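Asker: Predicted model follows, preceded by the sequence.
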Amino acid sequence: MLGEGILKGMVETARNFFGSYRSRERLVTVQYPEERLPMKENARNFPFLVYDGVDAEKGLRCVACKICEKECPPQCIYIILERDEKGKPQKHPKVFDIDLSVCMSCQICVEVCPFDAIKMDTEFELSCADRFGGLLVHKPQLAKSNEYYHQLHPADAEEVDARLAAEKAKAEAKAKAAVAPSTAKPPSVPRPTPAK
Ligand code: SF4
Ligand code: SF4
């Protein structure tokens with residue numbers, strides 16, 4: 001029926017308007033910024049980098065593989081690999097920037113990261129006077145703890161922790177198995193019978 005969608009929308013608006021006098025469930029608007037509604041668990045805005053432990057630099061899960069940089073549709077991730085004094089590449093980003101003025105919150109970077117190192121934040125109060133430089137965020141601003149990730153997306157974070165722990169245990173078991181033959185007692189070789 002022509003206009004059915006508009007009618008349904010008006011009915012829902014009327015239900016919320018009159019219902020809000022009787023139930024807080026129907027109160028869909030609040031006096032922001034004094035009042036704030038809690039964020040939904042699946043809310044997302046811009047990406048951040050997860051670190052484990054207390055050291056935001058050393059604990060970064062990111063290994064600078066650059067997969068997210070390649071896959072980001074608007075190309076707003078910039079990564080420079082860390083190198084040691086001999087120029088050998090390290091599994092760590094020296095520079096990790098995201099241009100939030102370009103990011104379209106698609107979450108592709110999160111989906112392609114094999115290390116669960118990048119996740120979506122829910123922070124949205126990011127307005128600033130500098131439209132370009134102010135929205136180019138650097139590694140120290142992007143690094144946020146695993147505890148923070150748990151606060152935002154508890155179910156996902158639990159699942160990731162369990163998976164990472166299982167992978168770590170598997171890798172340790174494999175490493176142990178690889179070392180075991182070299183530490184095992186060598187097979188005994190029969191001694192030659194002395195000549196008479
Ligand atoms: S965030 Fe993930 S995909 Fe991107 S460089 Fe780091 S480890 Fe690779
Ligand atoms: S959310 Fe999308 S646009 Fe934003 S950095 Fe990730 S891949 Fe790029």
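Answerer: Alright, I've got the coordinates. Ligands and ions are numbered 1, 2, ... in the order given.

Asker: what sits against Pro73?
Answerer: By Cβ atoms under 8 Å, 6 or more residues apart in numbering, the contact set of Pro73 is Met104, Cys106, Ile108. No exception for glycine: its C-beta is placed from N, CA and C like everyone else's.

Asker: can you narrow the residues you listed to ones near ligand 2?
Answerer: Among the contacts of Pro73, the residues within reach of ligand 2 (Cβ under 6 Å from any ligand atom) are Met104, Cys106, Ile108.

Asker: What count of nearby residues applies to the nearest residue to the first one once chain neighbours are set aside?
Answerer: If you skip the residues right next to it in sequence, Met104 has Pro74 as its closest partner in space, 5.9 Å away by Cβ to Cβ, 6 or more residues apart in numbering. For Pro74, the count of nearby residues is 10 (other Cβ atoms under 10 Å).

Asker: Pro74 touches Ile108, doesn't it?
Answerer: No. In this structure Pro74 lies outside contact range of Ile108 using Cβ atoms under 8 Å: 10.1 Å.

Asker: and stretch 54-72, what's its mean pLDDT?
Answerer: Per-region confidence: stretch 54-72 scores 97 on mean pLDDT.

Asker: give me every residue that touches the residue most central in space within the chain.
Answerer: Nearest residue to the geometric centre of the chain (Cα atoms, centre = their mean): Lys119, 2.2 Å. Each residue near Lys119 by Cβ under 8 Å, 6+ apart is listed here: Pro47, Phe48, Val50, Val110, Tyr149, Leu152, His153, Asp156.

Asker: Next secondary structure element downstream of the biggest strand by length in the chain?
Answerer: Criterion DSSP state E: the longest strand present in the chain is strand 89-99. Using DSSP states H and E, the helix or strand that follows strand 89-99 in sequence is helix 108-112.
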